[in-house]
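J.: no sequence on this one, just coordinates:
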Ligand SMILES: Cc1cc2nc3c(=O)[nH]c(=O)nc-3n(C[C@H](O)[C@H](O)[C@H](O)COP(=O)(O)OP(=O)(O)OC[C@H]3O[C@@H](n4cnc5c(N)ncnc54)[C@H](O)[C@@H]3O)c2cc1C
């Protein structure tokens, strides 16, 4: 069969380049029982032109992106924007510039029911919608076709997303454009919207009011760290990453789409003009001491000459420190390898239709808040060397 049905569910990342490219519009993205989108081909309409297969980024040669040209640590000078950003605000600095040029920015946003969808914005006022990592598979809808339309109109476009989404866009468009900038994220992997929705409803039941806002990486309660916050519109609650069933399972890599575990984009060959992530190597930094790690630091890789010239244009708005690639990427495991498959992943998704309370008790283990505080106290009171020695003894 000369169509995308031959791409296995283990490999398909659900980017939808196939559906966007189909000249007969006979491919739709359909959610499976786990809650991940896969292409479904209407065989009555399909003429087997094979275009969907040609556009599938998984079918392209490996390492067809670029190796980084330069690497930096970045922190936005705009304190308000920085506070809303996951790390140091690399995304928002670049997005602001594109919007000021009259361009369009695509990124992941929550809708009113906390579904995550890629939207396009043209106003600076709308930037907060795109800021912040949503650790869930984003629905691209018709984003690729809209990018193409905006480019045809002569508008600048910034598209940000996971590496597979950026690779899908590039493959769909076929040729690069001077007007297009792309930004891929260092990506740990993406859980399904179905799992996230079940979790959000459960959280609302626990708080006795539906959850209206969810921020995975909030600096409000914990500074720049993995913690988040949620709100029912009246009250805001902290979300402790390791004590939270959804978040802890995400961090352990137990709830990702199947293809994430063999992701062909989890390496230093990048498809975006930029790659952004958290700069976890700040403990060893020397030159960047002028930047305040508590407020968040972005790791920024610039992977194309286009990216380098844009960086020059934003240098006044951000503190940008050049740093060698090894230091800047230290701690970013997913720049070198895909996340490791865990057998519990299949058990979780086989049981996804259980009430979330049961699902989390049985399969989404997380730390009890008491143990969390014991660990934090231990970290505060005991020097690193003593903690290392105790850990060795326990092993
Ligand atoms: C699923 C996921 C996994 C990640 N894993 C890692 C990791 O292992 N290591 C690491 O260093 N960084 C990881 N990141 C990136 C990190 O969380 C920050 O997004 C990054 O440091 C950029 O921060 P920022 O302050 O520049 O911008 P932010 O304010 O975080 O904005 C970043 C951009 O991410 C986009 N985005 C948010 N959620 C999604 C989504 N679900 N799908 C596609 N695009 C999205 C937004 O549209 C926005 O354009 C991950 C991000 C996501 C979404």
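T.: Looks like it arrived, so ask away. From a predicted model like this one, the values you see are computed outputs, not experimental measurements. Numbers count the residues shown, from 1 in each chain.

J.: so what are the domain limits for this structure?
T.: Domain assignment for the chain, taken from automatic domain parsing, gives 4-59, 63-364.

J.: would TSV of those domains with distance to residue 392 be doable?
T.: Just so you know, the C-beta spots here come from the backbone N, C-alpha and C atoms, and that holds for glycine as well. Shown next, in TSV, are the domains of the chain (distance: least, C-beta to C-beta, whole Å):
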stretch	distance to residue 392
domain 4-59	38
domain 63-364	21
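
J.: can you check which of these gets nearest to the ligand?
T.: domain 63-364 (2.5 Å; C-beta to the nearest ligand atom).

J.: what mean pLDDT does that closest one get?
T.: In this model, domain 63-364 has a mean pLDDT of 95.

J.: mind listing the strands for the chain?
T.: With DSSP state E, the ranges of strands along the chain come out as 27-31, 37-41, 70-76, 104-110, 116-121, 157-161, 180-185, 213-215, 228-231, 236-239, 274-278, 298-302, 318-322.

J.: most packed of those strands?
T.: strand 298-302 (a mean of 27; mean count of other C-beta atoms under 10 Å).

J.: around the ligand, which positions in the chain sit nearby?
T.: Within reach of the ligand by C-beta under 6 Å from any ligand atom, the chain has these residues: 85-92, 107-108, 116, 130-136, 138, 160-162, 185-188, 190, 276-278, 298, 332, 334.

J.: now with 5 Å?
T.: Neighbours of the ligand within the chain, by C-beta under 5 Å from any ligand atom: 85-87, 89-91, 107-108, 130-135, 138, 160-162, 185-188, 190, 276-278, 298, 332, 334.

J.: adding distance to residue 376, write the strands of the chain out as CSV.
T.: Output for those, formatted as CSV (distance: least, C-beta to C-beta, whole Å):
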stretch, distance to residue 376
strand 27-31, 39
strand 37-41, 39
strand 70-76, 26
strand 104-110, 29
strand 116-121, 30
strand 157-161, 33
strand 180-185, 28
strand 213-215, 21
strand 228-231, 17
strand 236-239, 13
strand 274-278, 20
strand 298-302, 26
strand 318-322, 30
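
J.: tell me which of the ones you listed lies nearest to residue 48.
T.: Closest approach to residue 48 among the strands of the chain is made by strand 37-41 (9.5 Å; C-beta to C-beta).

J.: tell me the angle the closest one makes with strand 27-31.
T.: Strand 37-41 and strand 27-31 are oriented at 140 degrees to each other (axes from the mean of the first three to the mean of the last three C-alpha atoms, to 10 degrees).

J.: who are the packing partners of strand 37-41?
T.: With contacts taken as 3 or more C-beta pairs under 8 Å, 6 or more residues apart in numbering; DSSP states H and E, strand 37-41 sits against strand 27-31.

J.: next one: the strand it packs on to chain centre, how far?
T.: Computed by C-alpha atoms, centre = their mean, to the nearest Å, the chain-centroid distance of strand 27-31 equals 21 Å.

J.: quick one: mean pLDDT for it?
T.: Mean predicted lDDT for strand 27-31 stands at 97.

J.: mind naming the longest helix for the protein?
T.: Secondary structure of the chain per DSSP state H: the longest helix is helix 193-207.

J.: what does that one rub up against?
T.: 31, 34-35, 113-116, 136-137, 139, 210-211, 214, 230, 232, 235, 237, 245-246, 255, 348-349, 352, 356-357, 359-360 (C-beta atoms under 8 Å, 6 or more residues apart in numbering).

J.: of those residues, grab the buried ones for PyMOL.
T.: Selection of the buried residues among these in PyMOL, burial being defined by 16 or more other C-beta atoms under 10 Å:
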select buried, resi 31+34+35+114+115+116+136+137+139+211+214+230+232+245+246+255+348+349+352+356+359+360
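
J.: of the contacts of helix 193-207, which belong to helices?
T.: Judged by DSSP H, helices contain the following of the contacts of helix 193-207: 245-246, 348-349, 356-357, 359-360.

J.: which pair of the residues you listed spans the longest distance?
T.: Using C-beta to C-beta, the ones in helices among the contacts of helix 193-207 span at most 17.2 Å, a distance reached by 349 and 357.

J.: so residue 242 touches residue 248, yeah?
T.: Yes. Counting by C-beta atoms under 8 Å, residue 242 touches residue 248, with 5.2 Å between them.

J.: which one of the two is surrounded by more residues?
T.: Each of residue 242 and residue 248 had its neighbours counted (other C-beta atoms under 10 Å), and the higher figure belongs to residue 248 (20 against 17).

J.: burial count for residue 77?
T.: 12.

J.: repeat for the one 5 residues further on
T.: For residue 82, the tally of surrounding residues (other C-beta under 10 Å) stands at 24.

J.: number of nearby residues for residue 123?
T.: Per other C-beta under 10 Å, the neighbour tally for residue 123 reads 8.

J.: the residue nearest to it when sequence neighbours are not counted - how many residues pack around it?
T.: Residue nearest to residue 123 in three dimensions, not counting chain neighbours: residue 99, with 7.0 Å by C-beta to C-beta, 6 or more residues apart in numbering. Per other C-beta under 10 Å, the neighbour tally for residue 99 reads 20.

J.: need the contact list for residue 99.
T.: With contact taken as C-beta under 8 Å, 6+ apart, residue 99 is in contact with 105, 121-124, 127.

J.: sorry, back to before: between the strands of the chain, which one is closest to residue 374.
T.: strand 236-239 (17.7 Å).

J.: packing partners for that closest one?
T.: Going by 3+ C-beta pairs under 8 Å, 6+ apart, strand 236-239 lies up against strand 213-215, helix 219-222, strand 228-231.

J.: starting at the chain centroid, how far to it?
T.: Remark: strand 236-239 is offset 21 Å from the chain centroid, using C-alpha atoms, centre = their mean.

J.: try stretch 208-215
T.: Relative to its chain's centre, stretch 208-215 lies at 21 Å (C-alpha atoms, centre = their mean).

J.: next, the distance between the ends of that stretch.
T.: This stretch, stretch 208-215, spans 19 Å end to end (C-alpha to C-alpha, to the nearest Å).
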